[in-house]
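Undergrad: Prediction below, plus the sequence it came from.
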Amino acid sequence: MAEMFLQISVSLDGYIEDRNHDIEWMTSDTSLDALHTATLKSIDGMIFGRKAHALLAEFWPNAADGSDASPDLIEQTRLMNALPKYVLTHGEERTGWANSHAIAADAVPRLKREAKRPIALFAGAGATRALLERDFVNEVRLIQYPVLLGGGTRLFADGAARRELKLIGSQRFESGAMLQRYRFA
């Protein structure tokens, strides 16, 4: 059975988007490109929430079309379009992006059983919380940016059950962003 990891960017004060639902606070950092490329090369599929999928479906199909596209962006675009993408929904969802499939959260264990390599969860707060509550996530990979937003959408909900985690690795990037990898204890 494959494992699932959450990989998400977060501010130092725990927000994944600001008060305006914006993520522009994530500074551009080319040193993160290799991490993103390696992550995509290591997985058998991706799970998104409906909103994250819709947002990314606007960007990735043609992301590397410009003449100034870096080799990492070209490879990331190829992988984002080629890999299976699963959209968590409560009903039928029109996906419209190559290799995208609408699924219910209850289908995630089947995906994990069928996969040979890890499945990445690239989702917003709602989908992430739903899969964490069901204990479907094995590892949490936070890319923490050195910025205080002071408000917005928190990754983890107030009142959620206490869960112990163990730090299994960390990596610093040029912007000061830190990748912190945790496993549930």
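TA: Arrived safely, thanks for sending. Numbering: from 1, shown residues only.
Undergrad: Other residues contacting the lowest-mean-pLDDT helix or strand in the chain?
TA: For the chain, using mean pLDDT, DSSP states H and E, the weakest element among its helices and strands is helix 50-59, scoring a mean of 88. Outside helix 50-59, the residues within contact range by CB atoms under 8 Å, 6 or more residues apart in numbering are 48, 80, 85, 87-89, 93, 95-97, 100, 122-124, 127. The C-beta positions use only the backbone N, C-alpha and C, and glycine is treated the same way.
Undergrad: What residues does residue 80 make contact with?
TA: Counting by CB under 8 Å, 6+ apart, the residues that residue 80 touches are 40, 56, 60, 63.
Undergrad: how far away is it from residue 53?
TA: 11 Å (CB to CB, to the nearest Å).
Undergrad: How about residue 130?
TA: 14 Å.
Undergrad: same thing with residue 166?
TA: Counting by CB to CB, the gap from residue 166 to residue 53 is 30 Å.
Undergrad: more crowded one of those two?
TA: residue 53 (27 against 9; other CB atoms under 10 Å).
Undergrad: Show me what the helix or strand that contains residue 182 is packed against.
TA: Per DSSP states H and E: residue 182 is located in strand 178-184. Applying 3 or more CB pairs under 8 Å, 6 or more residues apart in numbering; DSSP states H and E, we find strand 178-184 packed against strand 139-145, strand 165-172.
Undergrad: let's go with 10 Å and repeat that
TA: In terms of contacts (3 or more CB pairs under 10 Å, 6 or more residues apart in numbering; DSSP states H and E), strand 178-184 is packed against strand 4-11, strand 139-145, strand 165-172.
Undergrad: Just the CA trace of it, in PDB.
TA: C-alpha atoms of strand 178-184 as PDB (Å, rounded to 0.1, in the frame of the first residue of the first chain):
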ATOM      1  CA  MET A 178      11.900  25.800   5.300                       C
ATOM      2  CA  LEU A 179      10.600  22.400   4.300                       C
ATOM      3  CA  GLN A 180       9.700  20.500   7.400                       C
ATOM      4  CA  ARG A 181       8.700  16.900   7.100                       C
ATOM      5  CA  TYR A 182       6.700  15.200   9.800                       C
ATOM      6  CA  ARG A 183       5.300  11.700  10.300                       C
ATOM      7  CA  PHE A 184       2.400  10.900  12.700                       C
END
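Undergrad: Show me the strands paired with it, marking each as parallel or antiparallel.
TA: The sheet places strand 178-184 alongside strand 139-145 (antiparallel), strand 165-172 (antiparallel), with pairing taken from DSSP bridges.
Undergrad: and the gap between the residue nearest in space to the middle of the chain and residue 13?
TA: With distances taken as CA atoms, centre = their mean, the chain has residue 122 as the residue nearest its mean C-alpha position (2.0 Å). The gap separating residue 122 from residue 13 is 21 Å, by CB to CB.
Undergrad: Where does residue 77 sit: helix, strand or coil?
TA: helix (DSSP: H, G, I helix; E, B strand; the rest coil).
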